[in-house]
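> Below is the sequence, then the predicted model.
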Amino acid sequence: MNTTKLMAACLVLSLVGVPTISFAKARGGSGGGYSGGARSGGSAGSMGSRGSRTYQDNGAKPIDQSTTARQATSPPPSMASGPASTARPTPAAQGSWFQRNPLLAGIAGGLAGTWLGHMIFGATDSSARTNDAGEQVGENGQSAGASGPSGMLILLMLMGAGALFFYMRSRKTAMAPDFSGITRSRTASETLLSDSPVSTLRTATIDHEITSADKAAFQQSLTDIQTAWGKQDVSALRRLVTPEMLEYFSTGLAELTSLDQTNHVEDVTLLQAEVREAWVENTVQYATVSLHWSARDYTVSLSKSPGDAGYLIEGSAEKPIETTEVWTFTRYQHGTWLLSAIQQVA
């Protein structure tokens, strides 16, 4: 009974603790602002998607949370032992020489039968006769048998057949495996193209030029996103970020609501911006920008009034702080830039 109660208590505690842990992980650490943590000395998490470059090293901290699947680091199974290991049809078992050369085999069998028949039944020739010594002789008195004209002809034919047999045997070469029309070079190239996601992604990735209008859009997005976060305006965030990032933002706001708190990010001023990467994948454009800004970032309690003890939980409502992060924006064709990833500086 005590064991059952202990197990039930552990289950209840785990169910209570799961939402808190997931909220903290999604928000990326303590501190004001969604991407906070820099102010309090903590390390906020990096999250989102950067397309095919999600897990590549770009000088910032790696992406911790992303719906983008990681690329395989080991070669595909079909390439584990080289291109030559690609599955091919197994060559059929080779038959014997007699099966592969039925005509020659028939001729050799006929000759052998003729020779045997002559040896067995040659003595019954009606023209054969016996001399005084009991030997069979022909009409002109010569001994009958293998020394006759027909016997010599048969021996010559047998010798010719044997020579032909050994000649054909010496010229026989090993059969090459049947690749069913697929050459080795073609097999290797098709395997590399179809089984290697890394090669395909690099082929589809090209550099892209960022204009002054794009840079202005990045600066405006920084201000709009931080303002929408401070107002807990999910509808405004939906127009500024990708669905994946909206989920992270919504989780962070749910954490604050559950704690009866709110975070304010005010007077956002961009101090410096640098485009680190810009590329295109199919019809989707990406740009990774290093942003350095200042803002008044503080968290207060909703259950207390200004001036009460415990009202200001973190940060300062008067003193601005500076923050540096790496943001990745994306857009389809020439649409609106949306925030798709946030990385902390390395």
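The structure has been received and is ready for your questions.

> Residue 220 belongs to a strand, doesn't it?
No. Secondary structure assignment places residue 220 outside any strand; it is helix (DSSP: H, G, I helix; E, B strand; the rest coil).

> I'd like the distance between it and residue 163.
Distance check for residue 220 against residue 163: by C-beta to C-beta, to the nearest Å, it reads 95 Å. Where C-beta positions appear, they are placed from N, C-alpha and C, glycine not excepted.

> Please say which of the two ends up with more neighbours.
A direct count of neighbours by other C-beta atoms under 10 Å for residue 220 and residue 163 places residue 220 higher, at 13 against 10.

> can you pull the buried residues of stretch 264-280?
Neighbour-count burial for stretch 264-280 flags 264, 265, 268, 277, 278, 279 (criterion: 16 or more other C-beta atoms under 10 Å).

> what sits opposite the fifth one in the beta ladder?
Put plainly, it is residue 278. Judged by DSSP bridges, the bridge partners of residue 278 are residue 287.

> Tell me, what's the model's pLDDT at it?
Each residue has a pLDDT score; the one for residue 278 is 96.

> Hmm, residue 218 and it touching each other?
No. Under the contact definition of C-beta atoms under 8 Å, residue 278 does not touch residue 218, with a separation of 11.1 Å.

> Pull up the overlap in contacts between the two.
residue 287 (C-beta atoms under 8 Å, 6 or more residues apart in numbering).

> burial of residue 46, as a residue count?
Other residues within reach of residue 46 by the criterion other C-beta under 10 Å amount to 22.

> quick one: it and residue 345, what's the gap?
Summarising the geometry, the distance separating residue 46 from residue 345, computed by C-beta to C-beta, is 10 Å.

> Closest one to residue 229 out of the buried residues of stretch 264-280, please.
Using C-beta to C-beta, residue 265 comes nearest to residue 229 of those, at 6.0 Å.

> beta partners for that closest one?
Counting by DSSP bridges, residue 265 is bridged to residue 297.

> Show me the shaky parts of this structure.
Along the chain, the parts satisfying pLDDT under 70 run over 1-44, 72-152, 166-167, 169-207.

> Mind doing that once more with 50?
Low-confidence segments of the chain, defined by pLDDT under 50: 12, 14-32, 36-43, 78-88, 123-124, 126-128, 142-147, 173-206.

> Would you mind splitting it into its domains for me?
Structural domains annotated on the chain: 24-69+208-344, 97-171, as defined by automatic domain parsing.

> still on that earlier bit, give me the common contacts of residue 46 and residue 345.
Shared contacts of residue 46 and residue 345 (C-beta under 8 Å, 6+ apart): 60, 61.

> so where do the helices sit in the chain?
2-27, 97-100, 102-121, 149-171, 184-195, 197-204, 212-230, 234-238, 243-258 (DSSP state H).

> mind checking how far residue 54 is from residue 240?
Per C-beta to C-beta, residue 54 is found 20 Å from residue 240.
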